[in-house]
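Student: curious how this folds, go ahead:
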Amino acid sequence: MLTLFSTIISFLTGGLPKLLDFFQDRSDKKHELAMTEIQFRQQLELQKAGYLAQKELEEVKLEEVELQTMVQERQAMYQHDVEIGRGASRWVINLRAMVRPTITFGLFTIFLFVELFGCYYAVRSGSEFELVLKMLWNHDTQTIWASIVAFWFGTQAFSKR
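Tutor: Numbers count the residues shown, from 1 in each chain. Next up is the predicted model:
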């Protein structure tokens, strides 16, 4: 039961950034909807007045504003990345990017070493394989393993659009 609970919690934790993005996106869409409604009213007024050419011009302007907004948003994201690395050398930036993968691979390597060496030692000392397997792959180990795998794959699942 604890394994299932921790797996679900770890999977959902991987999706926490997406959940926060969801609320931000919801707010952005609400704003866009309000802007679209205003533009729609404006277009109706223009059509009533017979200004179809003006409508097309407004559509072009709207597309231009949307494009500028997207460019500004992208530039702000790039600027944030630059600000984080400002003053750091290239190897520090690369090292900072490798922290999570290095820790993950290191812990997995330690886990694999302990499990394989424990199995080798136990079988070599004359213990039964089934007993050794029950000792090494116990409930706590399953819980930790399931949590880690669910977190990483949950992060990957939620990062896809």
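
Student: just for this protein, where's the confidence low?
Tutor: For the chain, the stretches flagged by pLDDT under 70 are 19, 49-54, 155-161.

Student: can you list the domains in this protein?
Tutor: 13-94, 99-155 (automatic domain parsing).

Student: got these as a markdown table, with mean neighbour count and distance to residue 6 columns?
Tutor: Any C-beta I mention is one placed from the backbone N, CA and C, and that applies to glycine too. Listed next are the domains of the chain as a markdown table, based on neighbours: other C-beta atoms under 10 Å; distance: least, C-beta to C-beta, whole Å:
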| stretch | mean neighbour count | distance to residue 6 |
| --- | --- | --- |
| domain 13-94 | 11 | 10 |
| domain 99-155 | 13 | 4 |
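
Student: to residue 3, which of these lies closest?
Tutor: Comparison of those against residue 3 by C-beta to C-beta identifies domain 99-155 as nearest, at 4.5 Å.

Student: re earlier: want to throw the domains of the chain into JSON lines with distance to residue 3?
Tutor: Converted to JSON lines, the domains of the chain look like this (distance: least, C-beta to C-beta, whole Å):
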{"stretch": "domain 13-94", "distance to residue 3": "15"}
{"stretch": "domain 99-155", "distance to residue 3": "4"}
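
Student: so which of those gets nearest residue 2?
Tutor: Proximity to residue 2 (C-beta to C-beta) singles out domain 99-155 among the domains of the chain, at 5.5 Å.
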